[in-house]
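Trainee: need the 3D shape of this:
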Amino acid sequence: MRRLLILFSVTAVFLITYSCNNSGKKITSAEGKIKQLEDGSIDLHIDKAACYHDSKNPSSNTAEWNIVISKPGRFKVWLSSATIDTMDLKYDNSVKISLQDERLDVKPVGDKIVLNTNDVKYPYFRADSFMGTFYIQEPGEYNLQVISEKVTAKSDTNQSDTELGHTKLMSVFLTPMTR
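Mentor: Presented below is the predicted three-dimensional model:
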């Protein structure tokens, strides 16, 4: 009876693990940990993220980065998008950004429009949206996650600018707040 119970438990764990790993989502892995720059900022490009893309429910598309914080403190969180219309970024849902137990849930608007940047080509402009702040108390390794329909699969990032559509999420960056 005991052997049967152990065999059943092992089989159940195997089936759960197998089914979770084959949920029909495309997964691409991150290239490593991203370290904080000398000025204390952290720049997280979407092409350096581990991306989870669900074509059936794009609102659950996720990008994740492993970051190393050497200078803790309070950080302003900005989301950078490439867009055609700087007045309406056309995010269907709010963007969720999580770090530890903190979560920001904001619909992006173009707070700063960056002209003449090499990040995007005409007819696109870079629109930076202020999302809120995070407080990181101690140095260490953390996981930052972004959930949005604008997170695209790696294969989609190879499209030409004219095929991108109206708006594309490009990066998240954290800048330290000074006292």
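Trainee: which SSE is immediately downstream of the least confident helix or strand in the chain by mean pLDDT?
Mentor: Between all helices and strands in the chain, the lowest mean by mean pLDDT, DSSP states H and E belongs to strand 26-28, at a mean of 40. Once the chain leaves strand 26-28, the next helix or strand it forms, by DSSP states H and E, is strand 33-35.
Trainee: pull the contacting residues for residue 78.
Mentor: 112, 128-131, 172-175 (C-beta atoms under 8 Å, 6 or more residues apart in numbering). Placement of C-beta: from N, CA and C, glycine included.
Trainee: what is the burial count for residue 114?
Mentor: By other C-beta atoms under 10 Å, the residues close to residue 114 number 14.
Trainee: I meant residue 122, not that one.
Mentor: Using other C-beta under 10 Å, residue 122 has 7 other residues around it.
Trainee: quick one: secondary structure of it?
Mentor: Under DSSP: H, G, I helix; E, B strand; the rest coil, residue 122 falls in the coil class.
Trainee: need the pLDDT of it.
Mentor: Residue 122 carries a pLDDT score of 85 in this model.
Trainee: and it, how close does it get to residue 94?
Mentor: 29 Å (C-beta to C-beta, to the nearest Å).
Trainee: which two in the contacts of residue 78 are spaced the farthest apart?
Mentor: Farthest pair in the contacts of residue 78 (C-beta to C-beta) is 112 and 174. Separation: 15.1 Å.
Trainee: buried residues in stretch 35-55, which are they?
Mentor: Using 16 or more other C-beta atoms under 10 Å as the test for burial, stretch 35-55 gives 36, 40, 42, 44, 46, 49-54.
Trainee: residue 133 contacts residue 177, doesn't it?
Mentor: Yes: using C-beta atoms under 8 Å, residue 133 is in contact with residue 177, at 6.9 Å.
Trainee: list the beta-bridge partners for residue 114.
Mentor: Bridge pairing for residue 114 (DSSP bridges) gives the partners residue 126.
Trainee: quick one: residues contacting it.
Mentor: Listed by C-beta under 8 Å, 6+ apart, the contact set of residue 114 reads 125-128.
Trainee: after the strand or helix carrying residue 143 comes which helix or strand?
Mentor: Under DSSP H and E, the secondary-structure element containing residue 143 is strand 140-147. Sequence order places strand 167-176 as the next helix or strand after strand 140-147, per DSSP H and E.
Trainee: what comes up buried for that following strand?
Mentor: Judged by neighbour count using 16+ other C-beta under 10 Å, the buried positions of strand 167-176 are 167-176.
Trainee: which residues are contacting that strand?
Mentor: Contacts for strand 167-176 (C-beta under 8 Å, 6+ apart): 39-46, 63, 65, 71, 73-84, 89-91, 95, 97, 119-120, 126-127, 131, 134, 144, 146, 148, 150-152.
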